[in-house]
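[1] Here is my input, please return the structure:
(one chain, ligands or ions: 1)
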Amino acid sequence: MPSVIQNISDTARWVASYRAMESERPDALFRDPLARRLGGNRGEQIVRTMPLAATSGWVISVRTAVLDEFILSTIEKEGVDLVLNLAAGFDARPYRLPLPPTLTWVEVDLPGVLEEKVQLLEGETPHCRLERITADLSDVDARRAVFQAVGAKGTKALILTEGLLMYLADWQVASLASDLAQVPTFRLWAMDSIGPEMKRLLNLIWFRHLTSGNATFKFAPREGARFFHPFGWAQREYRSYETESRRLNRAPLVAEAWHRLQWLALPVVRELVRSEGGMALLESRKR
Ligand SMILES: C[S@@+](CC[C@H](N)C(=O)[O-])C[C@H]1O[C@@H](n2cnc3c(N)ncnc32)[C@H](O)[C@@H]1O
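    Numbering: from 1, shown residues only. Next up, the predicted model:
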């Protein structure tokens, strides 16, 4: 039987379906009324078919909610006037977040995704200035041209890479980080990350589906966001899935059990668990 994930862009439908599921809960952490439409039947099918996928939505709920907080607080408190969402997929934040109308939001993704997105969102109005650029981010010359052009659109930019880096090899992430650091207005970078043990587990559980979509997880540095230091970025804040899932009341049973028993574990093991996945806010080291 063919896999439900046929290419990397199908992962965008998958996570949009999780946002739809969260939005439909009475105690939703966020409401994304466009997510059901954007995820479509294929997104629902992925959630239904992939092993353990139906119970994994809490990860995307927590990731979305925490990144929403990073985005809104940097706009409100730090004068961010430009957001560059790399690998934006079917994210609909420009339509659902209370963004200032003066903010410029630029989405980049592969042509297939963005063409479909434009059609699906026809007639919808974003809350800020919204531009879309089709580009293959693995094409170094193309992405440098995009970064230069987008960098001139604001005075202080927040870069967003949500659900992208884990699909890239370490050297690709390093090269992307260096390119982003070259642009004077690119000051902040919000991202999610996984650690090596989580990568092993996910690649094992979803092996068939991820390989058939050329979407196996790769980037999962043991050192977390310290990976980015040599490439011009310093970690300002890190929020682990472990603590944030409890704060947001989305912790699965295994996380609750760990919370009760972790006092039995060595500090090094507790740190290991904390670093196995979360959301980070990085700042540029340039002055
Ligand atoms: C898991 S989805 C995340 C989408 C979105 N950021 C979100 O969280 O809903 C991964 C996205 O990365 C995009 N992507 C993967 N490789 C890419 C590349 N080389 N250039 C541009 N986009 C890419 C895919 O098309 C897909 O939309």
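
[2] Now do the same contact list for the spatially closest residue to residue 142 that is not a sequence neighbour.
    Nearest non-adjacent residue to residue 142, counting by Cβ to Cβ, 6 or more residues apart in numbering: residue 135, 5.1 Å away. C-betas here are computed from N, CA, C, even on glycine. Applying Cβ atoms under 8 Å, 6 or more residues apart in numbering, we find residue 135 in contact with 108-110, 142-143, 146.

[3] what sits against the residue of the chain at minimum distance from the ligand?
    Going by Cβ to the nearest ligand atom, the ligand is nearest to residue 89 of the chain, at 2.5 Å. If you count contacts by Cβ under 8 Å, 6+ apart, residue 89 has them with 9, 11-12, 15-16, 109, 113, 163.

[4] Those in helices, which ones?
    Among the contacts of residue 89, the ones falling in helices (DSSP state H) are 11-12, 15-16, 113.

[5] Most neighbours among those residues, please name it.
    Per-residue neighbour counts (other Cβ atoms under 10 Å) across these peak at residue 16, which has 27 neighbours.

[6] How many residues are close by the residue nearest to that one when sequence neighbours are not counted?
    Leaving aside its sequence neighbours, residue 16 sits nearest to residue 39 (Cβ to Cβ, 6+ apart; 3.5 Å). Neighbourhood size, residue 39 [other Cβ under 10 Å]: 26.

[7] try residue 123
    4.

[8] Can you read off the backbone torsions of it?
    phi 90, psi -10 (degrees, to the nearest 10).

[9] how close does it get to residue 248?
    Residue 123 sits 32 Å away from residue 248, going by Cβ to Cβ, to the nearest Å.

[10] One more: residue 82?
    Separation of residue 82 from residue 248 (Cβ to Cβ): 28 Å.

[11] Neighbour count for the two, which is higher?
    residue 82 (23 against 14).

[12] Would you check that the more buried one makes contact with residue 157?
    Yes. Using Cβ atoms under 8 Å, residue 82 makes contact with residue 157 at a distance of 4.1 Å.

[13] Just the terminal-to-terminal distance for stretch 47-64.
    Using Cα to Cα, to the nearest Å, one end of stretch 47-64 lies 17 Å from the other.

[14] Can you mark which positions in that stretch are buried?
    Neighbour-count burial for stretch 47-64, counted by 16 or more other Cβ atoms under 10 Å, picks out 47, 50, 53, 56-64.
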